[in-house]
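Colleague: Fold the following, please.
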Amino acid sequence: MQELQVQLEVGADPAEVGRARRWVRARLAGSGMDAEEHVAQTLVLLVSELVTNAVVHTGCPAVLRLRIPHPAVLGPDGTVRVEVDDRSTLPPCPRRADDEETGGRGLELVEGLADRWGWQREGSGKRIWCEIDRCGGPSAAPQRTAAGTRTGFGGFAFGVA
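Modeller: Modelled structure (predicted):
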C-alpha cells in the first residue's frame, strides 16, 4: 500500500502540543483531507492527547509520526495511523478522572475516538499508537440532532455551544 509517512520531533515543552496540532493539520491538508472532515478533526484531537501525555508525563522530547494512505490509491478510504514515541518505559495507564479533575482523560478519549490503539516497547522507551479508519461514505460523517448534539465520533456525543 502506498502511504505518506511523516514525522515531527516534539520538544519537552507543553507548548509544543500546539505546534504538533498545526503540523498535523498541515500534513492532512497536504494529503487532500479537508480540515472540516470529521476524521481530520478527530486525528488532531488524538495527536493533541497523545503528545500531551508524552511531554507532560515524561518531561522528555517525543517523536510524532503520521501515516496517511495515498489518496490516489485508496480514494477517500483507508486507515490513518498516529504514533508517538517517548523515552519512558512505563506503560500507559488509562484512568477515569473524577468530574472535578481538569486532566486525566487523555487515554479515555483515545480509547473512545480511535478505531484501535495500543502501545509497545520501542528502543529505550515506548510507542503509543492509534488508528482511524477513513471511510468515504456519508455514514462516516457525524450527525447533528435537533438538540445541537454531534454524534458519530466513536460513540461519543458532544454538545454544541
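Colleague: got the residue ranges for the helices in the chain?
Modeller: Assigned by DSSP state H, the helices in the chain fall at 16-30, 38-58, 71-74, 106-113.
Colleague: between those helices, which one is nearest to residue 5?
Modeller: helix 16-30 (10.2 Å; CB to CB). Placement of C-beta: from N, CA and C, glycine included.
Colleague: now the angle between helix 38-58 and that closest one, please.
Modeller: Using axes from the mean of the first three to the mean of the last three CA atoms, to 10 degrees, the direction of helix 16-30 lies 150 degrees away from that of helix 38-58.
Colleague: dump the residue contacts of the most centrally placed residue in the chain.
Modeller: Most central in the chain under CA atoms, centre = their mean is residue 46, positioned 2.2 Å from the mean C-alpha point. If a contact means CB atoms under 8 Å, 6 or more residues apart in numbering, then residue 46 has 82, 109, 110, 113, 114, 130, 132 as its contacts.
Colleague: number of nearby residues for residue 124?
Modeller: 8 (other CB atoms under 10 Å).
Colleague: Skip the chain neighbours and tell me the closest residue to it.
Modeller: residue 87 (6.4 Å; CB to CB, 6 or more residues apart in numbering).
Colleague: Residue 121 is in contact with the one you found, correct?
Modeller: No - assessed by CB atoms under 8 Å, residue 87 is found out of contact with residue 121, at 11.7 Å.
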